[in-house]
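Colleague: The sequence isn't on hand, but the structure is:
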């Protein structure tokens with residue numbers, strides 16, 4: 001809630017936000033043709049007469065996109081319509097070669113539902129949805145430093161979900177929380193990759209302000225194509241402040257589309273905001289109506305994985321995890337699946353969590369990779385961790401073996417076999433301990449005088465002498481026994 005003086009009186013202003021979230025579905029092919037859907041490919045590599053709109057080329061709806069759309073609607077609590085259809089949304093832009101976009105306007109496939117999110121005061125809330133509809137993506141324009149513009153049509157006809165919310169009084173951080181919630185849910189059910197930097201998920205934000213106590217929302221402006229949570233937050237803050245300042249000075253807000261300049265931190269007018277008549281919607285003549293049966297809905301419902309809130313509650317109750325340690329494990333479903341697989345191999349949940357959040361996550365973060373790219377199997381990880389619980393290796397030795405396997409791209413199982421188990425024979429250990437004690441009389445004297453600090457040094461010397469094979473606990477016991485006599 002912002003405050004500003006109006007004629008000497010302090011007036012409270014409230015920001016109202018509505019979201020239009022565009023999520024590219026994680027299908028193998030595009031929406032209406034068999035071209036490959038691939039982010040980052042060479043420009044104009046994956047195109048055909050259908051997706052670039054050559055005359056006479058007819059679209060064919062791919063069933064994989066419909067299955068993804070059903071899954072998205074289910075996890076957002078929407079009412080899926082038995083019959084829906086596509087419409088043509090007519091507008092001209094260089095990256096839309098057909099001159100129209102195949103979308104859904106009159107009869108979208110899903111209505112209602114809501115986005116769960118956390119308010120600034122940490123209370124749970126839900127942002128109501130108006131609808132979700134399927135549509136095709138447009139191409140991509142890039143504006144070069146030499147003044148030229150280039151068009152890449154690879155993205156044309158890629159399958160999109162547009163998730164349209166009701167307007168709601170909320171802060172900029174709460175709006176970003178809503179988008180983050182959608183991204184996490186769609187990733188969880190394998191509907192969208194959610195990589196905002198690649199354009200797989202983008203957001204248009206409608207912003208308006210009104211004085212506290214007002215009965216009607218103010219005139220909204222639309223901030224177009226925001227592709228990061230920081231951009232969503234900052235653009236809402238800046239745009240709402242602009243509107244408040246203008247209204248407080250006696251001006252009016254123009255309904256328009258604005259662009260966010262991240263470097264300058266300003267919003268700039270792009271064009272007047274279109275309404276539905278401007279797009280001249282009419283039914284798509286080349287595609288039949290879509291019939292989604294109850295059987296198909298039930299099939300997709302049964303195929304959904306354990307949902308985040310269910311898994312989180314189970315981990316808290318069954319595994320006794322702390323809420324803070326769950327965060328990185330819940331960031332992506334695959335993270336938790338990896339942990340669960342280690343547990344199924346016999347690893348204690350706490351040990352699996354510690355190793356994942358420590359060694360595994362550090363490796364992934366250093367390389368900006370996902371758990372799917374981790375080169376060690378859950379079975380091999382479980383074998384390594386269990387070896388430490390059976391006193392075959394120290395934890396330090398086990399971490400060294402894992403690091404060696406990751407850096408040299410060697411088989412962890414092979415390294416475990418080569419390393420053998422720790423030496424526990426008391427006679428062999430005593431030989432190493434006695435040699436180290438005789439070579440370090442100053443450390444011995446300090447320990448006998450009550451200073452325990454040199455103990456770590458002596459332990460390290462024994463481990464060096466044994467090439468890391470000595471059993472740490474037994475070595476420590478032997479040193480203490482020798483020094484006590």
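Modeller: Okay, I see it. Bear in mind that the values here come from a model prediction, so they are computed numbers and not experimental data.
Colleague: Tell me the helix or strand right after the helix or strand hosting residue 134.
Modeller: Using DSSP states H and E, residue 134 maps to strand 124-136. Downstream of strand 124-136, the first helix or strand assigned by DSSP H and E is strand 140-143.
Colleague: Can you tell me the strand partners of that next one and which way each runs?
Modeller: In the sheet, strand 140-143 lines up against strand 149-152 (antiparallel) (DSSP bridges).
Colleague: List the buried residues for the strand it pairs with?
Modeller: For strand 149-152, the neighbour count (16 or more other C-beta atoms under 10 Å) marks 151, 152 as buried. Using the backbone N, CA and C atoms, a C-beta is placed for each residue, glycine as well.
Colleague: Quick one: residues in contact with that strand.
Modeller: Residues from elsewhere that reach strand 149-152 (C-beta atoms under 8 Å, 6 or more residues apart in numbering): 43, 44, 94, 95, 139, 140, 141, 142, 143, 144.
Colleague: my guess is the fourth one meets residue 140, correct?
Modeller: Yes. Taking C-beta atoms under 8 Å as the definition, residue 95 is a contact partner of residue 140 at 6.0 Å.
Colleague: I'd like to know the average pLDDT value across the lengthiest helix in the chain.
Modeller: In the chain, with assignment by DSSP state H, the single longest helix is helix 229-248. Helix 229-248 carries an average pLDDT of 95.
Colleague: so which of the contacts of strand 149-152 comes closest to residue 189?
Modeller: residue 140 (26.4 Å; C-beta to C-beta).
Colleague: Quick check: chain neighbours aside, which residue is closest to the closest one?
Modeller: Spatial nearest neighbour of residue 140, chain neighbours left out: residue 152 (4.8 Å); criterion: C-beta to C-beta, 6 or more residues apart in numbering.
Colleague: Let me know the distance separating that neighbour from residue 97.
Modeller: According to C-beta to C-beta, to the nearest Å, residue 152 and residue 97 sit 12 Å apart.
Colleague: okay, and the common contacts of these two?
Modeller: Taking C-beta under 8 Å, 6+ apart as the criterion, residue 152 and residue 97 both touch residue 139.
Colleague: Which stretches in the stretch 151-300 of the chain count as helices?
Modeller: Under the criterion DSSP state H, counting those that start in this stretch, the stretch 151-300 of the chain contains helices at 172-188, 229-248, 294-303.
Colleague: Tabulate these (a markdown table), appending distance to residue 371.
Modeller: Shown next, in a markdown table, are those (distance: least, C-beta to C-beta, whole Å):
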| stretch | distance to residue 371 |
| --- | --- |
| helix 172-188 | 12 |
| helix 229-248 | 22 |
| helix 294-303 | 21 |
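Colleague: what's the most buried one of those helices?
Modeller: Counting by mean count of other C-beta atoms under 10 Å, helix 172-188 has the highest mean neighbour count of the helices of the stretch 151-300 of the chain, with a mean of 22.
Colleague: quick check: mean pLDDT across that one?
Modeller: Here the average pLDDT along helix 172-188 is 96.
Colleague: How about stretch 333-353?
Modeller: Taken as a whole, stretch 333-353 has a mean pLDDT of 96.
Colleague: ok, now stretch 300-307?
Modeller: For stretch 300-307, the mean pLDDT works out to 95.
Colleague: How much space separates the residue nearest to residue 143 when sequence neighbours are not counted from residue 155?
Modeller: Counting by C-beta to C-beta, 6+ apart, residue 143 lies nearest to residue 149, which is 5.0 Å off, once chain neighbours are set aside. Per C-beta to C-beta, residue 149 is found 16 Å from residue 155.
Colleague: cool, residue 363 as well?
Modeller: When residue 363 is compared with residue 155 (using C-beta to C-beta), they lie 32 Å apart.
Colleague: Surely residue 247 touches residue 254?
Modeller: No. Contact criterion C-beta under 8 Å: residue 247 and residue 254 do not qualify, at 11.9 Å.
Colleague: neighbours around residue 458, how many?
Modeller: Counted with other C-beta atoms under 10 Å, the neighbours of residue 458 add up to 21.
Colleague: what's the distance between the nearest residue to residue 74 once chain neighbours are set aside and residue 177?
Modeller: Spatial nearest neighbour of residue 74, chain neighbours left out: residue 301 (5.6 Å); criterion: C-beta to C-beta, 6+ apart. Distance of residue 301 to residue 177, computed by C-beta to C-beta: 26 Å.
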